[in-house]
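Visitor: fold the following.
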Amino acid sequence: MERVTFITTEAGDDLIVSFAVQGREDPSAIETLNLMRTPKYEFIFEEHERGVRISFDRHEDDKDDFLQKIDYTEADAIIRIQTSSRKYRLDVRKVDTAELKKMRKILKKMNYDKKFQASGV
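Guide: From the prediction side, this is the model:
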């Protein structure tokens, strides 16, 4: 399980949720797990190229990794993310509730077309 220290969000032409994940070897080091979607320009892509793209500093070689499923269990403070090539479990106990609220709002916007499964968001 990965420990998240904070979350940042953006809601412009790009919809972005970024998780600041503590480094495994050095807890003071931060690795970023990004979820990004650009609905404004998706019409130019083929259907299989549309959706929420995932990138993680730890896996820089993953080019076309898309969000398939996200589950947020508020009581346990855990977010489970399944992509086309990986699974992540994020511990968000240390994240501010306002940041979690913004995250949920952006994830709902990202899923306007039900491109991925979502629960708890």
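
Visitor: just the buried positions in stretch 71-78, please.
Guide: Neighbour counts over stretch 71-78 (16 or more other CB atoms under 10 Å) mark Tyr72, Ile78 as buried. C-beta coordinates here come from the backbone N, C-alpha and C atoms, glycine included.

Visitor: and the end-to-end length of it?
Guide: Terminal residues of stretch 71-78 lie 8 Å apart, using CA to CA, to the nearest Å.

Visitor: wait, is Ser85 part of a strand?
Guide: No - using DSSP: H, G, I helix; E, B strand; the rest coil, the assignment for Ser85 is coil, not a strand.

Visitor: from Lys101, how far off is it?
Guide: The spacing between Ser85 and Lys101, counted by CB to CB, to the nearest Å, is 29 Å.

Visitor: do the same with Arg93
Guide: 15 Å.

Visitor: ok, longest strand in this structure?
Guide: When the chain is scanned for its longest strand (criterion: DSSP state E), the result is strand 2-11.

Visitor: alpha carbons of that one, in PDB - could you do that?
Guide: What follows is strand 2-11, C-alpha atoms only, in PDB (Å, rounded to 0.1, in the frame of the first residue of the first chain):
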ATOM      1  CA  GLU A   2       1.200   3.500  -0.900                       C
ATOM      2  CA  ARG A   3       0.900   6.400   1.700                       C
ATOM      3  CA  VAL A   4      -0.400   9.600   0.200                       C
ATOM      4  CA  THR A   5       0.600  12.800   2.000                       C
ATOM      5  CA  PHE A   6      -1.500  15.300   0.000                       C
ATOM      6  CA  ILE A   7      -3.700  15.600  -3.200                       C
ATOM      7  CA  THR A   8      -3.800  18.400  -5.700                       C
ATOM      8  CA  THR A   9      -6.500  18.900  -8.300                       C
ATOM      9  CA  GLU A  10      -7.000  21.000 -11.400                       C
ATOM     10  CA  ALA A  11     -10.200  21.700 -13.300                       C
END
